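Trainee: below are the sequence and a predicted model for it; my questions follow.
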Amino acid sequence: MNQMTRNKLYQLFGLRRVHKITALEEWLASKPDLTEEELVVIQIFQKRLLVNVDDWNSRELSLGFIGPILNLIDFKIPYELNFYAQRQLSGIVGNYELMGRPDGIIASGGGEPEKPFFSFHEFKKDVDSSGDPAGQNLAAMLVGQTYNDDEEVVYGCHVVERLWYFMVLEDDHFAISQEFSATTDDIFKIVQFLKYLKAILVERLGLQSELSKN
């Protein structure tokens, strides 16, 4: 997956980018309320990002900012759903086997990921030095699609330094959002998108009652 580009995905799998997918529009249109605690934590870590973003390497960015922001949302539902980092992911797509270790996935399962619904990749410093961030994440999303019987939408997000891009793969086409900068007020939208993602996945799993516990 780490060597994959969008051009390779176009050639090997007939994947196509479109400008509009309803699932992506609905995901980014919903704005769940943020708690006072979430607002405080967001502002603390945004300040750290503003001070360090130009100096942090990939690991420092992940530990110092991305991890705390992702962990604002408790994706764990015992035995049903969780966020996993650097887990081996592989699958047969068409005539090819794709494998790799995405920075993060949200998947069904207890202690081990079973069916991936969301893939996350983080990149530093820029697109040119990191290959094709969208292509690498799409490769993981394609594998996730095989676990979902090639029918359900697979969600994704890739980060290039301070910029976050949200993605949806449906059938053989995908869409990517505009960039959202974590050093601006976009940070609140980013957390809202992640928060609503949990609601989407809870509904997919038929576990709506779990939302009231958080």
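Mentor: Right, received. Where do you want to start?

Trainee: distance from the centroid: which residue in the chain tops it?
Mentor: For the chain, the residue at maximal distance from the C-alpha centroid (CA atoms, centre = their mean) is Asn95, at 25.7 Å.

Trainee: now the strands: where do they sit in the chain?
Mentor: Taking DSSP state E as the test, the strands found in the chain are 16-17, 81-84, 89-93, 96-100, 104-108, 116-123, 154-160, 163-170, 173-176, 180-181.

Trainee: so what strands line up beside the last one?
Mentor: This points to strand 180-181. strand 163-170 (antiparallel) (DSSP bridges).

Trainee: just the fourth one next, same as before
Mentor: For strand 96-100, the paired strands and their directions (DSSP bridges) are strand 89-93 (antiparallel).

Trainee: buried residues, the strand it pairs with. List them.
Mentor: For strand 89-93, the neighbour count (16 or more other CB atoms under 10 Å) marks 89, 91, 93 as buried. Using the backbone N, CA and C atoms, a C-beta is placed for each residue, glycine as well.

Trainee: between the residues you listed, which sits nearest Phe120?
Mentor: Taking CB to CB as the measure, Phe120 lies nearest Leu89 of the buried residues of strand 89-93, at 11.7 Å.

Trainee: before we move on, the earlier item: would you turn the strands of the chain into TSV with mean pLDDT?
Mentor: As requested, these are arranged in TSV below (pLDDT from 0 to 100):
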stretch	mean pLDDT
strand 16-17	96
strand 81-84	96
strand 89-93	93
strand 96-100	92
strand 104-108	96
strand 116-123	92
strand 154-160	96
strand 163-170	97
strand 173-176	97
strand 180-181	98
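
Trainee: those into a markdown table, with extra columns for distance to Phe188?
Mentor: Supplementary listing: the strands of the chain in a markdown table, determined by distance: least, CB to CB, whole Å:
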| stretch | distance to Phe188 |
| --- | --- |
| strand 16-17 | 28 |
| strand 81-84 | 20 |
| strand 89-93 | 30 |
| strand 96-100 | 31 |
| strand 104-108 | 21 |
| strand 116-123 | 19 |
| strand 154-160 | 16 |
| strand 163-170 | 12 |
| strand 173-176 | 21 |
| strand 180-181 | 10 |
